[in-house]
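Colleague: Quick check, what structure comes out for this input:
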Amino acid sequence: MNDINFDLNSSENKNLGQVFKSYSKHWLLITLSIIMCLAIVFLYLRYWSQNQYEINSTIFLKNISSGKNTGDIEGFRDFGLIKTTQSLEDEIGIITSSGIMEEVITDNFFNINFYHKGKIKDVEIYGEDVPVQILVDENADVVPYDLLIDLVFIDEISYQLKTEYEKQEISSTHAFGEKVTTKYGTITILKKPEVKSITEFDPMTFVLTDKEILVSDYLKNLSVYPDNDTGSLLRMTFVSSHKTKGEDILSKLIDTYIEKTIKYENELAENTIKIIDNRLKLLSGEIENVEKSVVDFKTKNVVTDVASNADTYIQQANDYKEKASDYQSQINILSQIEQTLLNGTIENSIGGGFSINDRTLTDQISTYNATLVERQNLSQSAVTSNPMIVKLDANLTNLRKSILQNVQSSKNGLLLAKRNLQDNANRYDAQLARVPGMEKQLLDISRDKSTKEGLYLYLLQKREEEVLSLAAPASSTRVVNRPKAGIYPISPNKKLTYLAGLLLGLFLPVSIIYFKNTFNTNITSADDIKQLTNAPLVGEISKNKDSKLILTKEEEGEEQSPTLELFRLLRFNIDYLIKDASNKTIMITSSVKGEGKTFIAANFALSLASVGEKVALLSFDLRQPSLMSYFNLDEKNGITDFIIKKGIDKGPLLQAYSNIENLHIMGSGKVIGQISTLVMHERVGILINELKQDFDRIIIDTAPIGLVSDAYALNPFIDSTIYVVRENFTKKEHLSIVENIHQNSKLKNCMVLLNDTEPKETYGY
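Modeller: Below is the predicted model of the structure:
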């Protein structure tokens, strides 16, 4: 009989469905883990997490590329009194500096936080919920940084302080406004003026935080950046756990920045005023000296108004020169027109007509240009011999001659007039040259005086502008959007946190199961068998709590267990796999003791007999027999007796099972030595062949094949082999024995049976 190499899983690979199936067995653990993680997330969000809100504001910086704007600032900047040092980057650096933030904290006592004690966590209170103002001397030798101090209001004039300092409970009662010196610091508590009845407020706890630490924390939560790439808007965001407090912190930060900006601009204006005042004093003295020099000069030289005559000469000379210059411009234009007429043809236009003061000449040039345009338009559709074109050419020729004559005539007249004007101008220059040299000296003195007086008035005007800017200070910063907290917290993100909890609840059991499976050396499912061997899997047998026979006479006719149905399914699977050959003799073995091969052999034989087959069950585990105990029968007479005692008949050795017909059982017999030699005795073959004559099935329970080789000796007499593997018991390495048997056909038709599996849902149960 040829072995059947039937491979049930050679084409099957572990896919996602199988992976999901392997984990779905632990659905209860996964569900409990998810519920537990989500519950932890809920408790965290409800009782431990601290909501963080984002406060947003926008400010506009005017004149970001210049300094203080005071009237005609460009002209004033020429004196170097105002510098252009502002830029967005510089202003961002100023806003986010530790100096401004420390000033905000100090002026508004933000380093003192107040809390109401809760059962699980304390709740921060702020603003109107706090009826007192606390002053702490941070220059004292001892400062109560990070010390929780309880404040209890006794009545309208007194309060009680409680704290634990240096592992000692300290309690003291004081009056509002009293400077209190304690072991842990110097404190003064004032009642806010707007509070009517302080006893209406619950006890609270306050804690003082080091300003340096708080400044660092606040700056980490502060972001300042340009709102756009081209403008001067700055967007400011601040993250705080308290909406109102966060808005106040950002508002005070903006106000402090604006105040400092105004202060800086005022200091600049004050310094500018000082510089101008010093310069005005110098100019005032210089002007007095110049005026005294004029008086002395006129007195010495007996001069009254010589300068007025000199001014008249200069004005007249300048007038003649200006007119002569105008005539020269006309002469130049006429010269250009003359050159155009002399060197050009009738097809050239004449330009410059509108710049000539001679109306007649201007009209002639305009007429010429218009006639030329008419001829050019006509020449596009007619030949040059056309009478109209010939006529126009004649007119253009005559006009050019007339214009040339008028141009030359006007030019000569202008040359003559220019010569006369130049003579008059020279005459006045000569008269001016005769003015005594002392007039020139007097003029120099007057010019110096005028210059100093102009500079004096200019500086006086700028001083008034700076004074006005101090009287009505205006910052170059404008608040566009006041600080406003968002409606919803930005942290923690509840949806993301719940999702993380869900994933964690899923990850933890899955990872535990994964690592358990990875480091587990036992067979845990049929998939493990399919991965480790190509031998066919014939079926699975579910757990049996009592490890006893699944069918007895008392149970016949009653509702049977699913395990019995699995044994009947096992019979069908074996016959299906070995359908092309006789399958009367079936050997059942395993790797080691405890895998349930004897249980399988007993119940499999019982299930076959229950459906009418005549079955012989042989206890061939001659070393440690246990088969007969399932049926409460004696092991003393059996297989070893048949082998050793020649001539003995098998009949007396077969014991009928009284509860089920057709089932006969042969025990192992007396336990003797030399078992390996005994199972190879020829009488073994005689026994099995005789049994084949009388029975439909022969089920053989043998010793574990992973420990001894007894089962191999029976291979010539069997038709198929059931190799029992127990879930969560058989080592994965033992499957190498099965694979070796299957690949090398050491046992006929070797099939694997998975025992002791978890019960599955079955129809009818």
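
Colleague: Counting neighbours, what do you get for Asn544?
Modeller: 17 (other C-beta atoms under 10 Å). C-beta coordinates here come from the backbone N, C-alpha and C atoms, glycine included.

Colleague: What part of the chain, helix or strand, is modelled with the least confidence?
Modeller: In the chain, no helix or strand scores lower on mean pLDDT, DSSP states H and E than helix 73-77, which sits at a mean of 45.

Colleague: Show the subsequent helix or strand relative to it.
Modeller: Moving toward the C-terminus from helix 73-77, the next helix or strand (DSSP states H and E) is helix 88-95.

Colleague: packing partners for that following helix?
Modeller: Counting contacts by 3 or more C-beta pairs under 8 Å, 6 or more residues apart in numbering; DSSP states H and E, helix 88-95 packs against strand 222-226, strand 233-240, helix 243-301.

Colleague: contacts for the helix or strand where Asn689 lies?
Modeller: Element membership of Asn689 [criterion: DSSP H and E] is helix 682-694. By C-beta atoms under 8 Å, 6 or more residues apart in numbering, the residues outside helix 682-694 that reach it are 584-585, 614, 616, 618, 639, 642-643, 646, 650, 698, 713-714, 716-717.

Colleague: Helices - which of these land there?
Modeller: If you go by DSSP state H, these have Ile639, Phe642, Ile643, Ala713 in helices.

Colleague: And the furthest pair within those?
Modeller: Spatially, the most separated pair among these is Phe642 and Ala713, at 15.4 Å (C-beta to C-beta).

Colleague: More neighbours: the two, which one.
Modeller: For Phe642 versus Ala713, neighbours defined as other C-beta under 10 Å are more numerous around Phe642 (22 against 19).

Colleague: In this structure the more buried one contacts Gly651, no?
Modeller: No: with contact defined as C-beta atoms under 8 Å, Phe642 does not reach Gly651; the gap is 10.5 Å.

Colleague: re earlier: for the helix holding Asn689, list the C-alpha coordinates in CSV.
Modeller: Provided in CSV are the C-alpha atoms of helix 682-694 (Å, rounded to 0.1, in the frame of the first residue of the first chain):
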residue,chain,number,x,y,z
GLU,A,682,6.6,-12.2,14.2
ARG,A,683,3.7,-13.0,16.5
VAL,A,684,2.7,-9.3,16.3
GLY,A,685,2.0,-9.7,12.6
ILE,A,686,0.0,-12.9,13.2
LEU,A,687,-2.1,-11.2,15.8
ILE,A,688,-3.0,-8.2,13.6
ASN,A,689,-3.7,-10.4,10.6
GLU,A,690,-6.0,-12.6,12.6
LEU,A,691,-7.8,-9.6,14.0
LYS,A,692,-8.3,-8.2,10.5
GLN,A,693,-10.3,-11.4,9.7
ASP,A,694,-12.7,-10.8,12.5
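
Colleague: How far does it sit from its chain's centre?
Modeller: Here helix 682-694 is found 80 Å from its chain centre; the criterion is C-alpha atoms, centre = their mean, to the nearest Å.

Colleague: What of stretch 686-703?
Modeller: Computed by C-alpha atoms, centre = their mean, the chain-centroid distance of stretch 686-703 equals 75 Å.

Colleague: Show me which residues of that stretch are buried.
Modeller: Judged by neighbour count using 16 or more other C-beta atoms under 10 Å, the buried positions of stretch 686-703 are Leu687, Ile688, Leu691, Lys692, Phe695, Arg697, Ile698, Ile699, Ile700, Asp701, Thr702, Ala703.

Colleague: what's the answer for stretch 40-50, then?
Modeller: Val41, Ser49.

Colleague: Quote the end-to-end distance of that stretch.
Modeller: Stretch 40-50 has its terminal residues 15 Å apart, counting by C-alpha to C-alpha, to the nearest Å.

Colleague: Use 424 as the first number for this chain going forward.
Modeller: Sure thing, new numbering starts at 424, so read that last one as stretch 463-473.

Colleague: Show me what it is in contact with.
Modeller: By C-beta under 8 Å, 6+ apart, the residues outside stretch 463-473 that reach it are Ile543, Lys544, Ser664, Pro915, Lys917, Thr920, Tyr921, Ala923, Gly924.

Colleague: Apply 7 Å and report the result again.
Modeller: Outside stretch 463-473, the residues that touch it by C-beta atoms under 7 Å, 6 or more residues apart in numbering are Ile543, Lys544, Ser664, Pro915, Lys917, Thr920, Tyr921, Gly924.

Colleague: does the closest residue to the third one other than its chain neighbours count as helix, strand or coil?
Modeller: Using C-beta to C-beta, 6 or more residues apart in numbering and skipping residues adjacent in sequence, the residue nearest Ser664 is Gln473, 5.1 Å away. Under the three-state scheme (DSSP: H, G, I helix; E, B strand; the rest coil), Gln473 adopts coil.
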